[in-house]
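Colleague: Structure for this input, please:
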Amino acid sequence: MTQEQTKDYTRRISQANRTELTVIVYDITAQHLTDCVCAFENGDIEGFRHSIKLAQRFLCELMSTLDLKIPLAVSLLRLYEFAQRIIVHCDISGTTKNLDVAKRIITRLRDSFSQISSLDTDGPVMENTETVYAGLTYGKGTLNETDLNSANRGFLA
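Modeller: Predicted structure coming up:
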């Protein structure tokens, strides 16, 4: 994951509600799976292992947030476990075989949660964060994010 992508995810997390956070975790997991394949194709075994471990961690985070009293959560857990088995097998065998299946599962679930998040009207989970304003500045066709309201950053006394 590039530094620019990390900054983008950080910004998105600071402005997200609970459902949007789930979508972001799916996005990050899928990005790490993409990074695994790229590293493998470039012969970067250390990068491959690093990205695959990060994908496993984020998938574990998705598993840990499930409320297993709900039948749908049990079905989600089974899908997560299947994707996790594929990822672990790829890690152990040192190949990317079937990694696209795991990514497809994550992507489809992400798309479903994205539709649900459009219906979620709750406010951001994080309070007292900077408001992010975006606009076109300093270049034709380039979008630079600008923070215009940083007076309330930090703890309120």
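Colleague: Any idea how many residues pack against the residue lying closest to residue 120 once chain neighbours are set aside?
Modeller: Counting by C-beta to C-beta, 6 or more residues apart in numbering, the nearest residue to residue 120 once its immediate chain neighbours are dropped is residue 19, at 4.1 Å. C-beta here means a position set from N, CA and C on the backbone, and glycine is covered the same way. For residue 19, the neighbour count with other C-beta atoms under 10 Å is 19.
Colleague: my read: residue 19 touches residue 117, true?
Modeller: Yes - with contact defined as C-beta atoms under 8 Å, residue 19 reaches residue 117; the gap is 4.0 Å.
Colleague: what about the residue nearest to residue 120, which helix or strand?
Modeller: Residue 19 belongs to helix 18-41 when assigned by DSSP states H and E.
Colleague: Which neighbouring elements make contact with the helix or strand harbouring residue 90?
Modeller: Assigned by DSSP H and E, residue 90 belongs to helix 71-93. Contact partners of helix 71-93 among helices and strands, from 3 or more C-beta pairs under 8 Å, 6 or more residues apart in numbering; DSSP states H and E: helix 45-64, helix 99-117.
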